[in-house]
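> Could you work out the structure for the sequence below:
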Amino acid sequence: MSGRSRRGGVEVPTKEGYDRWSRVYDSDGNPLLALEEPVVRRLLGPVRGRAVADIGCGTGRHALALARAGAKGTAVDEVLPKSHPQTLSDYVVAAARAGLRVEAMEEHAATAALARRCPRARKYVGWPMLVAMRLARVRSRRTGPGTAS
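Residues are numbered from 1 along each chain as shown. Predicted coordinates for the structure are as follows:
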């Protein structure tokens, strides 16, 4: 991969291309979604009450759909340097909009030990490179006489 991608005949850095694309990737009209989502649902089968992982979750759309279907979903993806705060807030907002809550969130930073094993990690020591979130559906609470609101 050259580190660059084409958009409308104009070459842009790959990160910029992905950032632009990710804003609309999950929108209606993406033919990949229309092809992929029914296949994924069929292959996974019923997920209510099951623990599932969405590895390389990207925009989190599979993790959100799994949690809405009643699974205890864990979403895992890499975090690019300098995108961390924006990425996390995007995930949390997307979960809330989908009627989900974040049960757990972990971030894992590159360590000196990791950099010794994987020299390419040296420039990321101390920076969160991996984020994992566990999502669950928000249970609606009924309000009325004798119940907490």
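
> So which residue is dead centre in the protein?
Nearest to the mean C-alpha position of the chain, by Cα atoms, centre = their mean, lies G60 at 3.1 Å.

> pLDDT at that residue, what is it?
Confidence at G60, expressed as pLDDT, is 82.

> how near is it to R97?
Using Cβ to Cβ, to the nearest Å, G60 is found at 11 Å from R97. Bear in mind the C-beta positions are built from the backbone N, C-alpha and C, glycine included.

> Enumerate every residue touching the residue nearest to the centre of the chain.
54, 75, 77, 91, 94-95 (Cβ atoms under 8 Å, 6 or more residues apart in numbering).

> for these, which one is nearest T111?
D77 (19.2 Å; Cβ to Cβ).

> per-residue pLDDT, the residue lying closest to that closest one once chain neighbours are set aside?
Closest residue to D77 apart from its sequence neighbours, by Cβ to Cβ, 6 or more residues apart in numbering: C57 at 4.7 Å. Per-residue pLDDT puts C57 at 83.
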